[in-house]
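Participant: A structural model of the following input is requested.
(2 chains)
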Amino acid sequence: MMTAELLIVLAQIWGGIGAIVAVSFLTIGIEWIDEDAQGAITFRPLLIPGIMVIWPLVLWRWWALATNQDRSTSPQAAPRRCHATVAIVLTIVISTTLLISASIKQTWPDHVPAILLEAGQ
Amino acid sequence: MKRNAPFFVGYLPVPRDLRLVLAISAIAFVLAFVIAAWAVGISQDNPGDGRFRFDLGRQTVTGVLEMRPYPVLHVIEGSKAIETGETLMLSGGGKFGVAPRANQLDDMVVNAKGILLNRGTIRMLQIGNQRRDLTAGEGQPTVPEPVNLGRWRLAGEICDGKCLAGAMRPGRGIAHKACAELCIQGGVPPVFVTTQPVEGHEFMMLADADGGPIMEQLLEKVGIYVSLEGRVEQRGSIAVFIADPNSLAVLP
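Facilitator: This is a model prediction of the structure:
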């Protein structure tokens, strides 16, 4: 499969799952985990694109809050606690990715000659 | 965090204890972006001077259409910007080739209207989207005889001819790989850019071993520097590289 095709297929799968999560969360889940959202409808479509992108995080937080696994005083406490770790990890990952991509980048092979293997007629 | 620790809120006055931190952070932030922009900029290759030649206006030419490996026009009646005797690669709008509209006109004299793309010696005509932009013409269809320039081992890059000619900047390289793959799959003629010219040609339209459009083995290596062996033919004013996919090797 071509790289471009693979990227499109992966994006479609990710977005498809995200759409299912978005519909489920915005129609059912959001009212379970956030009492302030009860009866508030019009803002929900605005969340669809974001949920389609970060649906694993949405599912994790939905599960943690719905099953009372998260006993924090605030539903935002858990994400806030890991801010520092995520910032450090992202800094390392992004820097390393840039360095690796720069180091394995091909150089234009102008030292390789054009070789005539068999003369034309 | 302490209960009465100073807290920054954008629309409120900055707490005294945070002023120095804020100033240093703001300057560091701006400097970081300047340095990052500079670093990204100097690491990129020159995108070249290729572009759509809208300044030359819409071109109307007559020529003989040849469909294999990809549609080209051997011009028999040129325009101000296109000389008679020149061979032009053809493409459709966007990431599409012109083959679906041109198939029934193979080896015929046609009238073609479109916009020229030009980067150095690479020239392509983007045919307009209307049916009247590519129609059968009158005259004797004479396709130039191919001239065998020999079998060569060449190093270079497989690109899509349209972006390389100026539809995109940059129109080549790894950053452009996905776009080039889509363009070639859409029927835009691929070209092989060589490190050293062959009989004066720095780029060649690329064909698969059977002389037809390139298949997956070559498509997968678009945008990567490779070496390839194959026969080079002169067809009109352009060269065609009929490459053997089994000879393909990725260069370091």
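Participant: Please count neighbours and contacts with C-alpha atoms only from this point.
Facilitator: Fine.
Participant: Can you confirm whether stretch A:94-114 lies near chain B?
Facilitator: Yes: Stretch A:94-114 is in contact with chain B by C-alpha under 8 Å from any C-alpha of the partner chain, via A:Q106, A:T107, A:W108, A:P109, A:D110, A:H111, A:V112, A:P113, A:A114.
Participant: Which of the helices or strands spans A:P56?
Facilitator: Taking DSSP states H and E as the definition, one finds A:P56 inside helix A:55-66.
Participant: C-terminal to that helix, what's the next element?
Facilitator: Heading C-terminal from helix A:55-66, the first helix or strand you meet, by DSSP H and E, is helix A:77-81.
Participant: Pull the contacting residues for the residue in chain A positioned nearest to chain B.
Facilitator: Relative to chain B, the nearest point of chain A is A:G120 (3.6 Å; C-alpha to the nearest C-alpha). By C-alpha atoms under 8 Å, 6 or more residues apart in numbering or on different chains, the residues touching A:G120 are B:N148, B:L149, B:G150, B:R151.
Participant: now those: which count as buried?
Facilitator: Buried members of the contacts of A:G120, scored by 16 or more other C-alpha atoms under 10 Å in any protein chain shown, are B:N148, B:L149, B:G150, B:R151.
Participant: Who are the contact partners of the third one?
Facilitator: With contacts defined as C-alpha under 8 Å, 6+ apart, B:G150 is in contact with A:L116, A:L117, A:E118, A:A119, A:G120, A:Q121, B:R231, B:V232, B:E233.
Participant: In which helix or strand does the closest residue to it other than its chain neighbours reside?
Facilitator: Excluding its sequence neighbours, the residue lying closest to B:G150 (C-alpha to C-alpha, 6 or more residues apart in numbering or on different chains) is A:G120, at 3.6 Å. Using DSSP H and E, A:G120 is not contained in any helix or strand.
Participant: and A:G120, what pLDDT?
Facilitator: For A:G120, the pLDDT comes out at 80.
Participant: so what's the backbone phi/psi at it?
Facilitator: Here is the backbone geometry of A:G120 (degrees, to the nearest 10): phi -80, psi 180.
Participant: how far does stretch B:190-201 sit from the chain's center?
Facilitator: Remark: stretch B:190-201 is offset 14 Å from the chain centroid, using C-alpha atoms, centre = their mean, to the nearest Å.
Participant: Go ahead and name everything in contact with it.
Facilitator: Identification of contacts with stretch B:190-201 by C-alpha under 8 Å, 6+ apart yields A:108-114, B:149, B:154-161, B:184, B:202-206, B:238-239, B:241.
Participant: quick one: B:A26 and chain A, what's the gap?
Facilitator: Shown here: B:A26 relative to chain A, a distance of 18 Å by C-alpha to the nearest C-alpha, to the nearest Å.
Participant: what about that residue, which helix or strand?
Facilitator: Going by DSSP H and E, B:A26 is part of helix B:19-42.
Participant: what mean pLDDT does stretch A:34-41 have?
Facilitator: Averaging pLDDT along stretch A:34-41 gives 87.
Participant: Same question for stretch B:221-235.
Facilitator: The pLDDT scores in stretch B:221-235 average 95.
Participant: Pull that stretch out as PDB, backbone CA atoms only.
Facilitator: Output in PDB follows, covering the C-alpha atoms of stretch B:221-235 (Å, rounded to 0.1, in the frame of the first residue of the first chain):
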ATOM      1  CA  LYS B 221      10.000   5.400  -4.000                       C
ATOM      2  CA  VAL B 222       8.700   8.800  -5.100                       C
ATOM      3  CA  GLY B 223      10.500  11.600  -3.400                       C
ATOM      4  CA  ILE B 224      13.400   9.400  -2.300                       C
ATOM      5  CA  TYR B 225      16.900   9.600  -3.900                       C
ATOM      6  CA  VAL B 226      17.400   6.400  -5.800                       C
ATOM      7  CA  SER B 227      19.400   4.800  -8.600                       C
ATOM      8  CA  LEU B 228      17.700   3.200 -11.500                       C
ATOM      9  CA  GLU B 229      18.700   1.500 -14.700                       C
ATOM     10  CA  GLY B 230      16.800   1.700 -18.000                       C
ATOM     11  CA  ARG B 231      16.600   2.800 -21.600                       C
ATOM     12  CA  VAL B 232      16.500   6.500 -22.400                       C
ATOM     13  CA  GLU B 233      14.600   7.500 -25.500                       C
ATOM     14  CA  GLN B 234      14.400  10.900 -27.100                       C
ATOM     15  CA  ARG B 235      10.700  11.600 -28.100                       C
END
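Participant: so the closest residue to chain A within chain B is in which element?
Facilitator: Closest contact between chain B and chain A, by C-alpha to the nearest C-alpha, is at B:G150 (3.6 Å). Element membership for B:G150, per DSSP H and E: strand B:147-160.
Participant: In terms of helix, strand or coil, where does the nearest residue to B:D244 once chain neighbours are set aside fall?
Facilitator: Nearest residue to B:D244 in three dimensions, chain neighbours excluded: B:A209, at 5.0 Å (C-alpha to C-alpha, 6+ apart). The three-state assignment at B:A209 reads coil, by DSSP: H, G, I helix; E, B strand; the rest coil.
Participant: Okay then, goodbye and thanks.
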